[in-house]
Structure formats: C-alpha cells, structure tokens
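> Return atomic coordinates for the entry below.
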Amino acid sequence: MSASIQDKDELVIGGHEFTSRFILGSGKYSYDLIDSAINNAKAQIITMALRRNTTGSENILNFIPENITILPNTSGSTTAEEAIRTARIARELSGSNFIKVEVVPDKKYLMPDNYETLKATEVLAKEGFIVMPYILPDLNAARQLVDAGAATIMPLAAPIGTNKGLSTKDLIQILVDEIDVPVIVDAGIGRPSQAAEAMEMGVSAVMANTSMATAGNIPLMAEAFKLAIEAGRKAYLAKPGRVIEHGAVASSPLAGVSTAK
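Here you go, the predicted structure:
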C-alpha cells in the first residue's frame with residue numbers, strides 16, 4: 001500500500017479525525033506516568049473519569065497535553081439518569097463534547113447495562129454530545145444505539161480489568177460486519193498481540209488501560225501497544241492471505257524438482 005493511501009486512513013469520530021487508533025485509558029495510572037504513556041503510545045484520545053480528583057494540584061487535566069482529545073466517562077453510574085448528570089458535569093469541567101457512556105449496575109462482574117446505556121445515549125446525543133457507549137456486544141443493542149445517535153460502539157472484549165483478551169471475539173466480529181459507525185474494542189485487552197488481532201478483525205480502534213497500568217514498564221508497554229495496533233490495522237487493510245484447512249501448498253514452485261528418493 002502506498003504512503004499516500006495510508007495517510008488517508010484516518011479514524012473519524014463525530015466528525016473529528018484522528019491518525020492514531022489507540023485510545024488510552026487513565027483510570028489506573030499514577031499521574032506522573034500519564035504524560036509518559038501518552039508520549040510513547042502516541043495516543044490522541046485519553047479517557048478521564050469525573051470521579052477522580054479534578055481539582056487542585058492533582059487535577060488530572062494538568063497532566064494531559066493540550067493537543068490530546070479528552071474523553072470523559074460516566075464511570076460509577078448505575079442508571080441512565082446518573083450517567084446523564086455525570087456527562088453534563090464532565091462537559092463543564094473538561095470543555096469536551098466527547099463522552100464515553102458507562103452504566104454499570106453490576107458490582108461483581110462489572111457488566112454494562114445496555115438498556116440504561118441506550119436511554120442515556122438518546123438524551124445525550126440530542127444535547128450535542130459525541131456519545132461513545134460501552135456495551136456488551138449485542139447486535140440489536142448496537143443498532144438501537146446507532147439509531148439513537150451514538151458516534152461509535154464500544155463492546156467489551158472481556159470483563160473489565162481482567163486482561164483476558166478477546167473472549168467475545170465472535171460477537172465483536174458481527175458488530176464489525178454489520179455496524180456502520182466505528183467499533184472500538186474496550187475492556188479486557190491484555191496483550192499487544194490481542195490488540196493486533198482485534199485490529200486485524202477490522203475494528204476501528206482499541207482502548208486499553210489495565211494492561212498498561214499493571215505492566216512493569218508502562219511507557220514501554222504503551223509503545224508496544226501502539227506498534228501492535230498499527231501492525232494490525234495495516235494487516236487488515238492489506239487483506240490477509242487465504243487459509244488452507246487441509247494439506248499444504250509449497251511456497252516455492254515444485255515444477256521440475258525431482259521427488260525421487
């Protein structure tokens with residue numbers, strides 16, 4: 001693929017263009033590592049939980065470079081009403097119209113509530129938010145969210161914080177095949193290789209947090225994820241070769257080669 005074609009391969013969310021397809025979560029980082037992780041990951045979007053300290057010297061906004069798009073989330077919300085209220089406050093504090101809607105009433109497995117997420121999305125999209133809902137990967141719910149104005153769909157790959165990888169791979173593939181807005185894998189990705197695999201499936205971007213926050217070297221792991229996501233995207237665009245289920249095919253021509261023992 002020529003460089004000119006690659007240059008046009010941008011991620012578009014709510015009319016905004018990004019060259020990076022790596023969204024960086026900040027929920028489990030120490031503040032002094034956030035800037036370093038951003039610089040190594042080359043991410044252009046970073047999440048911000050309103051429930052973290054956003055005042056005084058420990059204001060997370062002080063640690064995020066000005067050229068980074070802030071994606072506030074409604075983490076901690078258990079109902080649509082809570083998510084809507086949190087989103088409105090987050091916009092006032094951050095100045096960002098982006099919002100990642102998380103509605104998680106389940107405290108054991110931290111499973112998102114697709115129904116409450118849909119209710120929140122309907123309201124926030126009408127208020128001009130660029131809504132990025134975090135969901136269980138369900139085609140019908142995804143279609144309803146798009147109809148409600150969602151700018152992306154963000155299905156979990158595995159339960160949040162587990163680093164288990166693409167446990168819901170087949171369901172995510174259905175969304176990739178059937179949903180017209182960007183599908184961004186969120187939660188559960190634990191290794192750069194898993195991020196590359198998700199990108200090869202055709203997802204538009206990958207968000208990661210725990211996998212880096214729990215790594216021994218956060219900046220180095222951030223760079224590893226960056227490279228894996230770029231490689232996976234290029235592989236998807238290159239259209240991977242066929243798979244032979246039975247037998248084998250020689251990589252070099254066998255014509256004229258003696259097979260006598």
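> how many neighbours does Leu118 have?
21 (other Cβ atoms under 10 Å). No exception for glycine: its C-beta is placed from N, CA and C like everyone else's.
> Please tell me how far the host helix or strand of it is from the chain's geometric centre.
Leu118 is part of helix 114-126 when elements are defined by DSSP states H and E. Here helix 114-126 is found 19 Å from its chain centre; the criterion is Cα atoms, centre = their mean, to the nearest Å.
> Likewise for stretch 24-43?
In terms of Cα atoms, centre = their mean, the centre of stretch 24-43 is found 15 Å from the chain centre.
> And that stretch, what's buried?
Neighbour counts over stretch 24-43 (16 or more other Cβ atoms under 10 Å) mark 24-27, 29, 31, 33-35, 37-38, 40-43 as buried.
> now swap in stretch 163-181 and tell me
Across stretch 163-181, burial judged by 16+ other Cβ under 10 Å covers 163, 165-166, 168-169, 171-176, 179, 181.
> can you tell me which of those lies nearest to Thr19?
Checking the buried residues of stretch 163-181 against Thr19 with Cβ to Cβ, the nearest one is Val181 at 18.7 Å.
> I'd like to check the angle between the next helix or strand after the helix holding Leu118 and helix 114-126, please.
Next helix or strand after helix 114-126 toward the C-terminus (DSSP H and E): strand 130-135. Relative orientation of strand 130-135 versus helix 114-126 (axes from the mean of the first three to the mean of the last three Cα atoms, to 10 degrees): 180 degrees.
> What's the first helix or strand after strand 130-135?
helix 139-148.
> which residues sit against that next one?
114-115, 117-118, 121-122, 125, 133, 135, 153, 155, 171, 174-175, 178-181 (Cβ atoms under 8 Å, 6 or more residues apart in numbering).
> One more: stretch 103-115?
Residues outside stretch 103-115 that contact it (Cβ under 8 Å, 6+ apart): 74-80, 82-83, 102, 116-117, 120, 134-136, 138, 141, 156, 159-161.
> pLDDT below threshold where in the stretch 1-150 of the chain?
Across the stretch 1-150 of the chain, the ranges flagged by pLDDT under 70 are 1-7, 28-29, 31-32, 50-60.
> what about the strands in it?
For the stretch 1-150 of the chain, the strands defined by DSSP state E, counting those that start in this stretch cover 11-13, 16-18, 22-24, 45-49, 69-73, 98-101, 130-135.
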